[in-house]
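A.B. asks: Mind folding the following:
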Amino acid sequence: MIAPTLTTDRLTLRALGPQDAEAFAAFYADDRSSFVGGPMNAEQSWRTLAGEIGHWTLNGFGRWAVTETGSDTCIGCVGLWAPLGWPEPEIGWDLFEGATGKGYATEAAEAARSYAYETLGWDTAISLVAIGNDASARVATRLGCTPEGTFTHARLGTLTIYRHPKVGG
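C.D. replies: Got it, this is the predicted structure:
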């Protein structure tokens with residue numbers, strides 16, 4: 001399955017592809033990726049990118065490359081995520097160096113949530129935020145999410161569950 005393209009006022013969410021390997025490698029080589037399984041080397045980040053792309057085939061939904069409209073440079077990865085072992089479908093966001101602090105995570109996550117609710121028929125979702133990832137916790141709060149306990153992942157540790165508002169509420 002190929003990811004559909006979504007647009008917002010400032011962003012384009014497009015299918016991830018091999019052209020995004022360099023951006024993934026740079027993000028995952030940095031300590032900023034520690035909240036989402038990094039740091040990792042270029043081979044490991046390539047496998048992570050391949051997993052993101054394959055998620056669409058396995059689940060019929062997934063995450064998108066985020067670009068500023070008019071550019072094709074990947075500045076983050078945002079969207080829907082439900083790998084084996086996850087407590088329930090999630091809306092997740094990772095923004096790369098230079099893309100933070102602009103409201104892009106919130107804007108892209110709102111577009112992904114609308115797709116989940118309006119196209120896929122979800123009525124709620126969660127976002128998992130690593131303990132200490134205050135920036136992601138603020139994004140979840142801006143999205144109207146409320147903390148709802150924790151989930152312990154074998155590799156990522158303890159994550160706070162943020163519940164997205166239900167459709168219409």
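A.B. asks: from here on, contacts and neighbour counts on C-alpha atoms
C.D. replies: OK.
A.B. asks: can you give me the helices for this protein?
C.D. replies: Taking DSSP state H, the helices of the chain run over residues 21-29, 42-59, 104-114, 134-142.
A.B. asks: could you dump these to JSON lines with mean pLDDT and mean neighbour count?
C.D. replies: Below are the helices of the chain laid out as JSON lines (pLDDT from 0 to 100; neighbours: other C-alpha atoms under 10 Å):
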{"stretch": "helix 21-29", "mean pLDDT": "96", "mean neighbour count": "19"}
{"stretch": "helix 42-59", "mean pLDDT": "97", "mean neighbour count": "17"}
{"stretch": "helix 104-114", "mean pLDDT": "98", "mean neighbour count": "22"}
{"stretch": "helix 134-142", "mean pLDDT": "97", "mean neighbour count": "17"}
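A.B. asks: Can you say which of those helices is nearest to L11?
C.D. replies: helix 104-114 (7.2 Å; C-alpha to C-alpha).
A.B. asks: Convert that closest one to PDB, retaining C-alpha atoms only.
C.D. replies: As requested, C-alpha coordinates have been extracted for helix 104-114 and formatted as PDB (Å, rounded to 0.1, in the frame of the first residue of the first chain):
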ATOM      1  CA  TYR A 104       5.100  21.300  12.900                       C
ATOM      2  CA  ALA A 105       4.600  18.200  15.100                       C
ATOM      3  CA  THR A 106       1.200  19.400  16.300                       C
ATOM      4  CA  GLU A 107       0.100  20.400  12.800                       C
ATOM      5  CA  ALA A 108       1.200  17.100  11.200                       C
ATOM      6  CA  ALA A 109      -0.200  15.000  14.100                       C
ATOM      7  CA  GLU A 110      -3.600  16.800  13.700                       C
ATOM      8  CA  ALA A 111      -3.600  15.800  10.000                       C
ATOM      9  CA  ALA A 112      -2.700  12.200  10.800                       C
ATOM     10  CA  ARG A 113      -5.400  12.100  13.500                       C
ATOM     11  CA  SER A 114      -8.000  13.400  11.100                       C
END
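A.B. asks: where does G169 land on pLDDT?
C.D. replies: As summarised for this prediction, G169 has a pLDDT of 55.
A.B. asks: Grab the nearest non-local neighbour of G98.
C.D. replies: The spatial neighbour of G98 that comes closest, neighbours along the chain excluded (C-alpha to C-alpha, 6 or more residues apart in numbering), is I75 at 7.9 Å.
A.B. asks: coming back round to it: just so I know, which of the helices of the chain lies nearest A15?
C.D. replies: helix 42-59 (7.9 Å).
A.B. asks: just checking, A3 touches T57?
C.D. replies: No - under the criterion of C-alpha atoms under 8 Å, A3 is not in contact with T57, lying 9.4 Å apart.
A.B. asks: Any idea how many residues pack against L120?
C.D. replies: Under the neighbour criterion other C-alpha atoms under 10 Å, L120 is assigned a count of 12.
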